[in-house]
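Student: With the input below, show me the fold.
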Amino acid sequence: MGNGKTRVRGLAARAGGWSARHRWAAVGIWVLFVVLAMGLGSAAGRVDVKDSDQLKGETHTAAKIIEDAGIEEPASETVLIQAKDGALKATDSEFRAAVTAVVGAVEGTGKVTDVTSPYDTQTISKDGRSALVQFDIRGASDTAGERVEPVLKAVEDVQKDHQSLRIEEIGGASMMKTFDDAFGDDFQKAEYSAVPVALGILLIAFGALVAALLPVLLAVTAIMATMGLMGIVSHVMPMSETANSVMLLVGLAVGVDYCLFYLRREREERQAGRDAQTALQVAAATSGRAIIVSGVTVCVAMAGMLFTGLAEFEAMGLASLMVVAVAMVGSVTVLPALLSLLGERVEKGKIPFLHPDSKLRRNRGQGNRESRFWTAVLKGVLARPVISVVVAAGALLAIAAPAVGMKTQNLTLDQEFGDSLPIVQTYNRVNEAFPGGSEPAEVVVKANDINAPEVKSALADFRERAISSGASRGPVEIKLHDQQNVAFVYVPLVGGSDLDKAGTSLDKLRNDVRPATLGKVDGVEAPITGQVAGSKDFNDQLAGAVIPVFAFVVVFAFGLMLLSFRSLTIAITSIVLNLLSVGAAYGILVAVFQHGWGASLVGAEGVGAIITWLPLFLFVILFGLSMDYHVFVVSRIREARMRGRSTKDAIQHGVVTTAGVVTSAAVIMVAVFAIFGTLSMQSMKQMGVGLAAAVLIDATIIRGVLLPAVMALLGERNWYLPKWLNRLPDLTHDEAPEAVTRDRARDDEGERVPV
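Tutor: Just a heads-up that it's a prediction; the model follows:
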């Protein structure tokens, strides 16, 4: 496969060689890039996705009308006044006194406007036991949570004076404050704790502080640079807080993984008796190339989000794509420069009982350390590949089976938080007494003249038919904005917090009531928005994006694998195995969160549905991240095969020698994702559990059992490439460590690489 004249070729090897020769220049360029990206990003500022751009369809049209009209919708609040024992009615003097006290208390804060009494708006429940005082918080709605505290305090004081009644406040501002107090810090702590967790696992894996710090340093600097780039790019494609959080997760995962792959290979070559410069060149040519292949594949997967047409998904996809690209470039440039600078000092800060140095010295010249556990597993798998495939694939299909009945929806407040917060109980009480009242449909009516007789008649007719059609039980409220010729119609939907039933009511409004009333007036637009409408529009748009996104990711991943390994078989098996992994993750999600099987084990509740955005998000993220392991393992197998080993021996060698690094990388990912599985929000739990379970399955059953078993069954057919595909570009590498050693790690121009 190689003689004394074999030279390393390939982008990764060239980049690694250049960085090793120009160590300080490579480090300086990287630091300058990070600083410039952060500085320019800070100066540019970040533009976030606007409400009007979040969705397409009617929700988008409604938001656009409001935005163009310059109307700032305030944060609305509601105070529920309810008899505790049912004895008091809204007509009783004590009940009336409580209503008067609430109205006076909230007005007295000076923080509210448009306070309405239930006796004027008829917001009294049918049984007469409950009533609603409604008002708006002064100022911008997105910061209302910061100003609502005095109002909440005033309502609490009224409650103390009326113990026979239940007096509770709920609304956009109070929910914002409650969630920020309860979960805002919780979410940030989860993000920040991910780095110490990763560092702790790396300390165990490497047994040396410097070696453990390098992957974390690379990941953190890649994240910092990407945060700056997000600010610059956001002026073309707006970003969001969600995109920022996803970027941090993905950046930490791939940044640590890529550095781990590179560092472990360089260390492994030195432990095998090779000098530092040769070890570094081998790592550049092998692990470096695997990083590039993996990174490009992950970027392609993340780019799939750009085809959803959903602004939030597009922001997440672009942010993730950028951090993967930055981490990939850093891994093949600044990392070899740092390793060249550090040399043996990479082993500094040895941890007692963890650093394997003395043992490795005894093993020098004896080749790679191989995992005893995976050696034993592989022995059984390769001895009985048919049984292994049947058992492993059968187990994964069984785990994936519940996914067939997956139900997706935007989670309601009680589904998202359970009964962990008092405000959730208030939400449930309001919905029980006034179905749909806490989250009404909002009809945004725009006309040439909102006060024209035919428009006013149509609005009145719409209000009447909304109730007579069975879509609402009322009261239907109309707010006019005369100067802008816009009206807001608030329609409590029958079904309340049950999104399926509320969705049926929404369909009646859109398909029956509106065409028969407002739809008959020329020049009138009347898109219907609100939480239920937003959920439906989101689902419809996401459903339309699933096939294009899946097709894009699968086709391009297939093409990249085909070019990278020049094997049709490897490309096909890669896609199939990744799809099995994603399917198993879906099955676990449905079993735990939809059916509630074992939900208590992860501190979750069976909420009966998977949050709408998660399946597509998981597919893209997992399909990309799982390629890390797959490319790394298959590259090692191919490398061993090129060095003359039989396919079976190459499989054994490739899997057991990569077992340590794959295990370490998987443990880090599982630990980081599991942190998000501990949060109280069900959507974050679902994301954390789904990602952690998928990575665990991918690194064990897929890479440790199914992949070697399938490759053993295929034998030499693993390397099959039809003749008509021979004209494809050759992106493979043919570097073998022995050849590189004989060539003394010279670069493409024949120069020695200084270390």
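
Student: residues near the nearest residue to residue 180 once chain neighbours are set aside, how many?
Tutor: Once flanking residues are discounted, residue 180 sits nearest to residue 145: 6.1 Å by CB to CB, 6 or more residues apart in numbering. All C-beta spots, glycine's among them, are computed from the backbone N, C-alpha and C. Neighbour count of residue 145, defined by other CB atoms under 10 Å: 21.

Student: residue contacts, residue 145?
Tutor: Going by CB atoms under 8 Å, 6 or more residues apart in numbering, residue 145 touches 75, 173-177, 180.

Student: Can you give me the separation between it and residue 155?
Tutor: Going from residue 145 to residue 155 by CB to CB, to the nearest Å gives 15 Å.

Student: try residue 202
Tutor: Counting by CB to CB - residue 202 and residue 155 are separated by 51 Å.

Student: Kindly report the same for residue 441.
Tutor: Remark: distance between residue 441 and residue 155 (CB to CB) = 27 Å.

Student: Kindly report the same for residue 407.
Tutor: Residue 407 is 37 Å from residue 155, by CB to CB.

Student: Over to residue 46?
Tutor: Residue 46 is 36 Å from residue 155, by CB to CB.

Student: more crowded one of these two?
Tutor: residue 155 (23 against 20).

Student: Helices of the stretch 201-350 of the chain, residue ranges please.
Tutor: For the stretch 201-350 of the chain, helices defined by DSSP state H, counting those that start in this stretch occupy the ranges 209-233, 241-271, 276-285, 287-303, 311-332, 334-342.

Student: if you go through the protein in chain order, where are the strands?
Tutor: Counting by DSSP state E, the chain has strands at residues 75-83, 112-116, 130-137, 165-171, 408-409, 441-446, 477-481, 486-491, 528-529, 610-611.

Student: In a markdown table: those strands, plus mean neighbour count, distance to residue 591 and mean pLDDT.
Tutor: As requested, the strands of the chain are arranged in a markdown table below (neighbours: other CB atoms under 10 Å; distance: least, CB to CB, whole Å; pLDDT from 0 to 100):
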| stretch | mean neighbour count | distance to residue 591 | mean pLDDT |
| --- | --- | --- | --- |
| strand 75-83 | 23 | 37 | 90 |
| strand 112-116 | 15 | 46 | 90 |
| strand 130-137 | 24 | 38 | 91 |
| strand 165-171 | 23 | 33 | 91 |
| strand 408-409 | 19 | 15 | 81 |
| strand 441-446 | 25 | 34 | 92 |
| strand 477-481 | 15 | 43 | 88 |
| strand 486-491 | 22 | 37 | 91 |
| strand 528-529 | 24 | 34 | 90 |
| strand 610-611 | 24 | 11 | 86 |
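
Student: who's in contact with the residue most central in space within the chain?
Tutor: Residue closest to the mean C-alpha point of the chain, counted by CA atoms, centre = their mean, is residue 246 at 4.9 Å. Shown in contact with residue 246 (CB under 8 Å, 6+ apart): 316, 319-320, 621.

Student: Which two among the residues you listed are spaced furthest apart?
Tutor: 319 and 621 (12.2 Å; CB to CB).

Student: Low-confidence ranges, this structure, go.
Tutor: The chain contains residues with pLDDT under 70 at 1-9, 51-54, 182-189, 191, 353-371, 419-420, 436-438, 497, 606, 730-755.

Student: which helix in it runs the most residues?
Tutor: helix 531-565 (DSSP state H).

Student: Report the inter-axis angle for it versus strand 441-446.
Tutor: 90 degrees (axes from the mean of the first three to the mean of the last three CA atoms, to 10 degrees).

Student: tell me the angle helix 531-565 makes with helix 311-332.
Tutor: 30 degrees.

Student: Offset the numbering so it begins at 36, please.
Tutor: That works, and once the first residue is 36, the last one we named lands at helix 566-600.

Student: what helices or strands is helix 566-600 leaning on?
Tutor: helix 92-104, helix 322-338, strand 443-444, strand 476-481, helix 534-543, helix 603-624, helix 649-677 (3 or more CB pairs under 8 Å, 6 or more residues apart in numbering; DSSP states H and E).

Student: Residue 249: which of these is closest?
Tutor: Using CB to CB, the nearest of the helices and strands packed on helix 566-600 to residue 249 is helix 322-338, at 13.7 Å.

Student: Can you spell out which helices and strands pack onto that closest one?
Tutor: helix 46-56, helix 276-306, helix 346-367, helix 566-600, helix 649-677.

Student: What is the distance between that helix and the centre of its chain?
Tutor: 18 Å (CA atoms, centre = their mean, to the nearest Å).

Student: swap in stretch 485-503?
Tutor: Relative to its chain's centre, stretch 485-503 lies at 43 Å (CA atoms, centre = their mean).

Student: do stretch 414-425 as well
Tutor: 35 Å.

Student: Equivalent analysis for stretch 195-208, please.
Tutor: 37 Å.

Student: Quick check: end-to-end length of it?
Tutor: One end of stretch 195-208 to the other measures 22 Å (CA to CA, to the nearest Å).

Student: got a list of contacts for that stretch?
Tutor: 110-120, 122-123, 129-130, 132-133, 136-137, 172, 176, 179-180, 182-183, 186-187, 190, 193-194, 457-458, 461-462, 464-465, 473.

Student: repeat that for 6 Å
Tutor: Stretch 195-208 has contacts (CB atoms under 6 Å, 6 or more residues apart in numbering) with 110-117, 119, 133, 172, 179-180, 183, 187, 190, 193-194, 458, 461-462.

Student: Same check on stretch 505-525?
Tutor: 104, 106, 157, 475, 477-478, 480-482, 485, 494, 498, 501-502, 526-527, 540, 543-544.

Student: Only whichever of the residues you listed are buried, select them in PyMOL.
Tutor: To isolate the buried ones among these in PyMOL, judged by 16 or more other CB atoms under 10 Å, type:
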select buried, resi 475+477+478+480+481+482+485+494+498+501+502+526+527+540+543+544
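
Student: Now for residue 47: which residues touch it?
Tutor: Per CB under 6 Å, 6+ apart, neighbours of residue 47: 319, 323-324, 327, 367.

Student: please redo it, this time with the cut-off set to 10 Å
Tutor: Contact analysis of residue 47 by CB atoms under 10 Å, 6 or more residues apart in numbering lists 297, 318-328, 363, 366-368, 371, 768, 770.

Student: Same check on residue 170?
Tutor: Contacts of residue 170 by CB under 10 Å, 6+ apart are 109, 111-114, 137-138, 141-142, 146-151, 186, 204, 206.

Student: how does it look with 6 Å?
Tutor: 112, 141, 147, 149-150.

Student: can you check residue 463 too?
Tutor: Taking CB under 6 Å, 6+ apart, we find residue 463 in contact with residue 449.

Student: Quick check: the gap between the closest residue in space to residue 110 that isn't next to it in sequence and residue 187.
Tutor: Leaving aside its sequence neighbours, residue 110 sits nearest to residue 179 (CB to CB, 6+ apart; 3.5 Å). Distance, residue 179 to residue 187, by CB to CB: 12 Å.

Student: between the two, which one's more packed in?
Tutor: Ranked by neighbour count (other CB under 10 Å), residue 179 and residue 187 place residue 179 first, with 24 against 19.

Student: ok, so what distance separates the closest residue to residue 597 other than its chain neighbours from residue 754?
Tutor: Counting by CB to CB, 6+ apart, residue 597 lies nearest to residue 606, which is 4.1 Å off, once chain neighbours are set aside. According to CB to CB, residue 606 stands 12 Å off from residue 754.

Student: quick one: which of these two has more around it?
Tutor: Neighbour totals were compared for residue 606 and residue 754, and residue 606 leads with 20 against 17 (other CB under 10 Å).

Student: wait, isn't the more buried one in contact with residue 599?
Tutor: No - using CB atoms under 6 Å, residue 606 makes no contact with residue 599, being 8.7 Å away.
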